[in-house]
Structure formats: structure tokens, C-alpha cells
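*Asks:* Predicted model, plus sequence, below.
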Amino acid sequence: GLVATALKNTGIPVLVIPMGRGNTFYKVNYHDEDPIIMIKRLMNGYIIKSVDLGIIHELNRCFVLGVSVGLMAEVARAAGHFKFIGGRRAYIMSALERILLYSSKVRGTLKVDNSVIYNDYLTYSSFGITPVRAGNVLLFPGASITDGLIDFIVVPYMSKIRLIRSKMGITDPYVIRGRGHTLSLNLSGKLPVEVDGDFVGFLDNINVSSLPSSLNILVPSG
């Protein structure tokens, strides 16, 4: 995300190397191909693919995956404590721990393209441009890095048991989903925020926008 912030709209192409916990952005662009094989294929020919970014205006920072506010951000922050078990399991352990410990009760108003979509207490809200987040959890099934839109989910305030049973609210029938170009979340108090899996602090307002086709990615031809 920090590299994307520096290179957005410059035309300079990026090669993604999988060295993170979930390697989501690598998988979105190169699927499960072995990176050594992928690089060898690049040497035989490549094309440049333009993909979308999102930007958080309060931080002047781009993201390649997504942003979360509330419980999901706490899970991303705590996942680092379980990195010794790696990948998706680290997020599962972190989610169980954070659900049991999380106690914030904050009201939020979400506007999408200037229309109010939600106005009530929430557990968390996430915005994303890739289908999966947090160790390959399918958070946004219809998301695409080339459609110029940001997907969102709002999980209302709910009990800990209900959160666990619904996989952190993802399968709960009362979650709110959708997509848009600009999203604004105003909170009655400060909540933790993560960007691309990195904890960035506490905010009471967050405004994000889509930056269509603003980053170039090198991919093998054919």
C-alpha cells in the first residue's frame, strides 16, 4: 500500500512478491503460481495490467486490499501476535481472542456516494477492493480490482456468541453490504483502524475513495 501510494498514476509498473501473512494481493494478481515460476515466465514476456486503488483521505494513504474500522481492525492488529502459526490460522486465533475481549460500543453513520446507508451502533465496518481479506476470508465475494468500485460491509452491534456463530458477522443476515465510489464513516467515538493488515491508529472519521486504474502491475503474457 505504501509503494502504491508513491507510484499511483505514475505508470511505473509493480512486481508483487509474496512475503506477507496472507499474500492476498499476490494471489489476486498471480493466483497460486509459484513466484519463481512466475518470474521466469515474466522473463519470457509480460504485459502491464492496470488495477484500482483506494485512498484514505485522512491519512493520504492508498490501499491495495482494504480498510477496516472496529473489531476487524483489532483482529488484524492482534494477528501479529500469532504470526508464529502463520497465514489464515493466525487470523482465526486472533479473531477468537479479540471477539472475547472487544467491548467498544460506538455509533456510526455510513454514507456511500453521499447517501446514508447505515446509522446505528456497529461492531465494525470494512471497505475493500479485493474479494478476500484477513487470511483469505471471503469478505467481498463480488469485489474486483478493475471495476472502479469499493465494496463495503457493516456489521451491526451484536453479542459475542452471535459474532462467533456468524464468522464475525460475515454470514449474519442483518449485515449491510454494497459498493460505491466514495464512502464516509462518521463515528461517535474513536475506533481502531487497519489498512492492508497494518494497524494505523484510532480515528473517529474516515473517508475513502476509489482510484480506478491507478496502479500498473507486471504479469506474465499468455
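*Replies:* Yes, it's here.

*Asks:* give me the number of residues near residue 100?
*Replies:* Around residue 100 there are 11 other residues, counting by other Cβ atoms under 10 Å. All C-beta spots, glycine's among them, are computed from the backbone N, C-alpha and C.

*Asks:* which stretches of the protein form strands?
*Replies:* Using DSSP state E, the strands found in the chain span residues 13-14, 46-56, 61-63, 66-70, 106-112, 115-128, 132-133, 137-138, 150-156, 176-180, 182-195, 198-220.

*Asks:* Show me the one of these that comes nearest residue 163.
*Replies:* strand 115-128 (6.8 Å; Cβ to Cβ).

*Asks:* Pull the closest one out as CSV, backbone CA atoms only.
*Replies:* What follows is strand 115-128, C-alpha atoms only, in CSV (Å, rounded to 0.1, in the frame of the first residue of the first chain):
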residue,chain,number,x,y,z
SER,A,115,-26.4,8.6,0.6
VAL,A,116,-26.8,7.5,4.2
ILE,A,117,-26.7,3.7,4.2
TYR,A,118,-26.4,3.0,7.9
ASN,A,119,-26.8,5.0,11.1
ASP,A,120,-26.7,2.9,14.3
TYR,A,121,-24.3,1.1,16.7
LEU,A,122,-21.8,-1.1,14.9
THR,A,123,-19.2,-3.8,15.6
TYR,A,124,-17.1,-3.0,12.6
SER,A,125,-17.1,-1.8,9.1
SER,A,126,-14.8,-2.8,6.3
PHE,A,127,-14.1,-1.4,2.8
GLY,A,128,-12.3,-3.4,0.2
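
*Asks:* Buried ones in it, by neighbour count?
*Replies:* Across strand 115-128, burial judged by 16 or more other Cβ atoms under 10 Å covers 117-118, 122-128.

*Asks:* Dump those into a markdown table; add pLDDT and distance to residue 99 as well.
*Replies:* A markdown table is the format used below for the buried residues of strand 115-128 (pLDDT from 0 to 100; distance: Cβ to Cβ, whole Å):
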| residue | pLDDT | distance to residue 99 |
| --- | --- | --- |
| 117 | 97 | 24 |
| 118 | 97 | 21 |
| 122 | 94 | 15 |
| 123 | 93 | 9 |
| 124 | 94 | 11 |
| 125 | 96 | 16 |
| 126 | 95 | 15 |
| 127 | 97 | 21 |
| 128 | 96 | 20 |
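
*Asks:* And these, which is closest to residue 22?
*Replies:* After measuring the buried residues of strand 115-128 against residue 22 - Cβ to Cβ - the closest member comes out as residue 128, at 12.8 Å.

*Asks:* which residues touch the closest one?
*Replies:* 54, 65-67, 139-140, 143, 150-152 (Cβ atoms under 8 Å, 6 or more residues apart in numbering).

*Asks:* Chain neighbours aside, what residue packs nearest to it?
*Replies:* residue 66 (3.1 Å; Cβ to Cβ, 6 or more residues apart in numbering).

*Asks:* Might one say that that neighbour is in contact with residue 130?
*Replies:* Yes. Using Cβ atoms under 8 Å, residue 66 is in contact with residue 130, at 6.7 Å.

*Asks:* Counting neighbours, what do you get for the nearest residue to residue 174 once chain neighbours are set aside?
*Replies:* Among residues not flanking residue 174 along the chain, residue 156 sits closest, at 5.9 Å (Cβ to Cβ, 6+ apart). Residue 156 has 17 neighbours, counted by other Cβ under 10 Å.

*Asks:* between residue 66 and residue 130, which one's more packed in?
*Replies:* Using other Cβ under 10 Å, the more surrounded residue of residue 66 and residue 130 is residue 66, with 29 against 23.

*Asks:* All set, thanks.
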